[in-house]
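S.K.: Structure here, sequence nowhere to be found:
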């Protein structure tokens, strides 16, 4: 809606504003003063993006391949298993479930962030019914009278009818980078060019202005532009880019490994369908499905595939602790802060200014601001105080809010900043009726305070009928005020401002500043009537009036006590490796006192000035390296080079910058960043915006902060308290830690899930984990713990760690990848494989599992695949609980069949599986009684038996000589047959042959040297061996170079120990060998020899063996002590 100024003036008196009822009617008619949000992406499109983005596309590919594989199987055999169909359905279900969960969490996060925007609504100062009110800017209506001041965001399109040094920033609207002066004059037909229009959303940089609302909401100029620009996309945040990179990396790795093993499986003889299933299994194992529900980011301008929960949860938690984050990037990066550049007033202090002291007539006077005024009183009759009180009342823009006349002055609410509020309340208590004083001395011109000039000036008509001169009053930084003065008022008389007076001023200034008080200087000047007659047009831009040769009237100091929580918060910062720098516009003395009070400067720390004063030497002679603290004046900073500033920042851990301008704050921030620091900066004024934007984290004050500062900041402190920053840092560190924990936990299971597929493809090890099982593990067990890690409390030392480097200490770095994949991942993978080695799969699946192995052995033509199946069967036979299944499937017969194969690897696997069965299964002999492969008690008419008869004839011809020249495969079969005969003791007649064969076996292979040891377990065999020279054979094995053979010989000697054989077994040569073996590097051998010496040898035998000088009959060297 639009309304011209003329019509508005006709409807109401501008300075009285609209009546409340009329404002309500217009609000109902025209709607709220806010821009219509641009059309959002339709919900169905959001959900579709979630279904097709990130990891989801891999699952779609996998499900499509499963459906294709099932279709091919069904077309060739309608009765084929439906495993691929079920897997495809499960994959689709996973995608849909994950998308639904992500959609819910993204909507929840969006609502949280939208709610944050309403926590700090823009306020507007409006006049309605003659009263000045603070209302939400959205409630403005056309015709409202609005006041704006420096730092405010213009709340609507305004037609200005009063301006006092007002300048606005139109860069967001017109692109003009220079501040644009505003006035009440119509200067151009084009609304964008005329000076009497202030546009919605632009910023008032300085000065004040009053205007009438002519456009609101979408009808404002910026509203029409926003409609045209509604399609512009937002940039991705760093964490979104990092997570997106992580998704792409994992996806590429999953596809790469999947395709690699797809080709390997095809090359190893697997059919194409099985190879595709392997591919799907590896991809599913690689993708961390549980991670999709762990953190919340936006990977595009619209909600995209979200890794949910953590960021929105932390943002909500921080809001409860008065830290309002404007974007999730602030949550991610706040924990990296290594330097905090903080304002003093309102952040480190309570921002509750009260007048503490005054200096006039060359004396310091205490100010009593209690309600009863019972404290020490100063001389209120002094003409100098009258002048000082009048300047403090007039050069002051603070006003009491209406309707508080019955309240004590100290409890009244005031519109204005903290310093002017304190001055207003003090002058109201002492002088009374400040409003009357201002009415009698109306303001005709004003230059508001700014951080560049550091003074505020106003010009007034006076109420003295005999003196119609204009009165110029000024207040500001005492040194700036004093340099503009040429005289000083003492007891109501003006005296020249000589050096003695300046020294008195300096002593008073330093004394008040050392108390931690903020000191303001005041001066005035009557303008000559001949040069400034009544009605003179004062120009605050050109300043056509004097600002020098003024009369100094006094000082007023204000106390702003530090916040009670700040010292502890700063101590936490120091423990966390965070450097806190105070940047203030106050005098160095005041800044230093407050810095010591809150702990920025430690009590024992000294500045260069302190050292010079203590040693009574010039400052130039002090070694700056001895000063731990530094207080830098803005005037000195102006003359420093960048290198000098960086040197101060590098060498002094405790720093205070005083009397600085916002431009210097920006320089300080840049210098800190150049040193590699991650900088957080607090600010409240419009001129702080550049530093807030330049900082890694800009922090605006929610109470005292201007709209411009809040707009430039990344975070807003709702309570203006420094301690809230430290809380935010702790929460930022916590979220980063929890994100890493969630990712680490989720990624560690990838290797254990993937290794079974790889091992199955490469060596045909049984596949203990199917693809569907992996998905149930991911979504049924992993997702809840990974989400719970988002709620993990902070570690006790989280604020004792150094700040992380945002570019080096990444969320997902090589260290994390190595830890999750190569350390924990492979440990978990090996543990799972080892736990599966003895027991195969679950008990109910064993028969099916064995059947699959036997079927695979029978169906495959690949020799390598058959070997892998035999190896798996041999391992499976190690567990006695599996033997019933082995019997049912005639796996024992399969092992015996392998003894007749020409492939020596088949023979070895057959022997190994058969060995496991005999050693661990006592019922094997009775089972073999029914085997068609054996005709007990001899191997005579079986295939093995035929070989045995031939070999028996061979050994009978050479009973004491080891055979030579036999092929390796025959030797293997021979040893296998002999072990069977020995182990089962089916034919004692062959025992002489057994001893001959084992004498040969010692030199042939150590693998079967334990057979003689096993033979001794039978009492009958033991007696036969001892009677037929077997003991000598065993003792001769002690000289074997093979440690396994020696181990078997030592064990066999202990088995053969009887009262009759003890003398031979503990003969000195044998004991000498045992002494040598006890010193062996082989722990098993040394332990076994130690047991032999302790249990079977007397101390005298051991000592005799040590003292023996001759070598034993076996030629074995004696051990040396």
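M.R.: Nice, thanks for sending it over. What you see is a predicted model; the values in this text were computed from it and never measured.
S.K.: Verify the contact between residue 758 and residue 282 for me.
M.R.: Yes. If you go by C-beta atoms under 8 Å, residue 758 and residue 282 touch, sitting 7.4 Å apart. For the C-beta atoms, the positions are set from N, CA and C on the backbone; glycine is no exception.
S.K.: Surely residue 365 is within a strand?
M.R.: Yes. Counting by DSSP: H, G, I helix; E, B strand; the rest coil, residue 365 is part of a strand.
S.K.: neighbour-wise, which of residue 758 and residue 282 wins?
M.R.: When residue 758 and residue 282 are compared for neighbours, residue 282 comes out ahead with 27 against 20, by other C-beta atoms under 10 Å.
S.K.: gap between that one and residue 97?
M.R.: Per C-beta to C-beta, to the nearest Å, residue 282 is found 22 Å from residue 97.
S.K.: same check, this time on residue 127
M.R.: Taken as C-beta to C-beta, the span from residue 127 to residue 97 is 58 Å.
S.K.: if you count what's nearby, which of those two comes out ahead?
M.R.: residue 127 (19 against 14).
S.K.: And the helix or strand hosting that one, what's buried?
M.R.: Using DSSP states H and E, residue 127 falls within strand 123-128. Across strand 123-128, burial judged by 16 or more other C-beta atoms under 10 Å covers 124-128.
S.K.: ok, of the residues you listed, which one's closest to residue 487?
M.R.: Of all those, residue 487 sits closest to residue 125, with 38.1 Å by C-beta to C-beta.
S.K.: Please name the residues that touch that closest one.
M.R.: By C-beta atoms under 8 Å, 6 or more residues apart in numbering, the contact list for residue 125 reads 132-134, 146-149, 415.
S.K.: got a markdown table for these, with neighbour count and secondary structure too?
M.R.: Shown next, in a markdown table, are the contacts of residue 125 (neighbours: other C-beta atoms under 10 Å; DSSP: H, G, I helix; E, B strand; the rest coil):
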| residue | neighbour count | secondary structure |
| --- | --- | --- |
| 132 | 16 | strand |
| 133 | 17 | strand |
| 134 | 11 | strand |
| 146 | 24 | strand |
| 147 | 17 | strand |
| 148 | 27 | strand |
| 149 | 20 | strand |
| 415 | 18 | strand |
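S.K.: and these, which two are the farthest apart?
M.R.: Farthest pair in those (C-beta to C-beta) is 133 and 149. Separation: 15.4 Å.
S.K.: Overlap in contacts, residue 758 and residue 282.
M.R.: residue 261.
S.K.: What's the mean pLDDT across the strand or helix carrying residue 636?
M.R.: Element membership for residue 636, per DSSP H and E: helix 634-638. Mean per-residue pLDDT for helix 634-638: 88.
S.K.: From the contact counts, what lies against the longest helix along the chain?
M.R.: Using DSSP state H, we find that the single longest helix of the chain is helix 83-117. With contacts defined as 3 or more C-beta pairs under 8 Å, 6 or more residues apart in numbering; DSSP states H and E, the packing partners of helix 83-117 are helix 43-52, helix 56-76, helix 272-286, helix 310-320, helix 771-777.
S.K.: and it, how far out from the chain's middle?
M.R.: With C-alpha atoms, centre = their mean, to the nearest Å as the basis, helix 83-117 stands 23 Å off its chain's centre.
S.K.: That one to helix 56-76, inter-axis angle?
M.R.: 160 degrees (axes from the mean of the first three to the mean of the last three C-alpha atoms, to 10 degrees).
S.K.: pLDDT on helix 83-117, on average?
M.R.: Here the average pLDDT along helix 83-117 is 75.
S.K.: how about the closest residue to residue 200 other than its chain neighbours, phi and psi?
M.R.: Leaving out its chain neighbours, the residue that sits closest to residue 200 by C-beta to C-beta, 6 or more residues apart in numbering is residue 220, at 3.9 Å. Dihedral angles of residue 220 (phi, psi; degrees, to the nearest 10) stand at phi -70, psi 160.
S.K.: Next: residue 461.
M.R.: Residue 461 adopts backbone torsions of phi -80, psi 150, taken as degrees, to the nearest 10.
S.K.: Could you check how far it is from residue 501?
M.R.: 30 Å.
S.K.: Likewise for residue 641?
M.R.: Applying C-beta to C-beta, the value for residue 641 to residue 501 is 37 Å.
S.K.: before we move on, the earlier item: the helices and strands packed on helix 83-117: which one's closest to residue 671?
M.R.: Here helix 310-320 is closest among the helices and strands packed on helix 83-117 (C-beta to C-beta), at 28.5 Å.
S.K.: Relative to whatever helix or strand comes next after the closest one, what are the paired strands and their orientations?
M.R.: Next along the chain after helix 310-320, taking DSSP H and E as the criterion, comes strand 323-325. In the sheet, strand 323-325 lines up against strand 715-717 (antiparallel) (DSSP bridges).
S.K.: what is the rounded mean pLDDT of the partner strand?
M.R.: Mean predicted lDDT for strand 715-717 stands at 86.
S.K.: related to what we said a few turns ago, which positions within the helix holding residue 636 qualify as buried?
M.R.: Across helix 634-638, burial judged by 16+ other C-beta under 10 Å covers 634, 637.
S.K.: Mind listing residues that contact it?
M.R.: For helix 634-638, contacts defined as C-beta under 8 Å, 6+ apart pick out 585, 645, 657-661, 664, 667-668.
S.K.: Export those to CSV and append columns for neighbour count and secondary structure.
M.R.: Output for the contacts of helix 634-638, formatted as CSV (neighbours: other C-beta under 10 Å; three-state DSSP):
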residue, neighbour count, secondary structure
585, 22, coil
645, 20, helix
657, 26, strand
658, 25, strand
659, 23, coil
660, 24, coil
661, 17, coil
664, 22, helix
667, 19, helix
668, 24, helix
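S.K.: quick check, nearest of these to residue 181?
M.R.: The shortest approach to residue 181 among the contacts of helix 634-638 belongs to residue 661, at 21.0 Å (C-beta to C-beta).
S.K.: Just to check, the closest one is in contact with residue 477?
M.R.: No. Using C-beta under 8 Å as the test, residue 661 is too far from residue 477 to be in contact (11.4 Å).
S.K.: Do you have the strands of the stretch 651-800 of the chain handy? List them.
M.R.: 654-658, 679-683, 697-701, 715-717 (DSSP state E, counting those that start in this stretch).
S.K.: go on, the stretch 301-450 of the chain?
M.R.: Using DSSP E, counting those that start in this stretch, strands in the stretch 301-450 of the chain cover 323-325, 339-342, 354-360, 363-366, 399-400, 414-415, 443-447.
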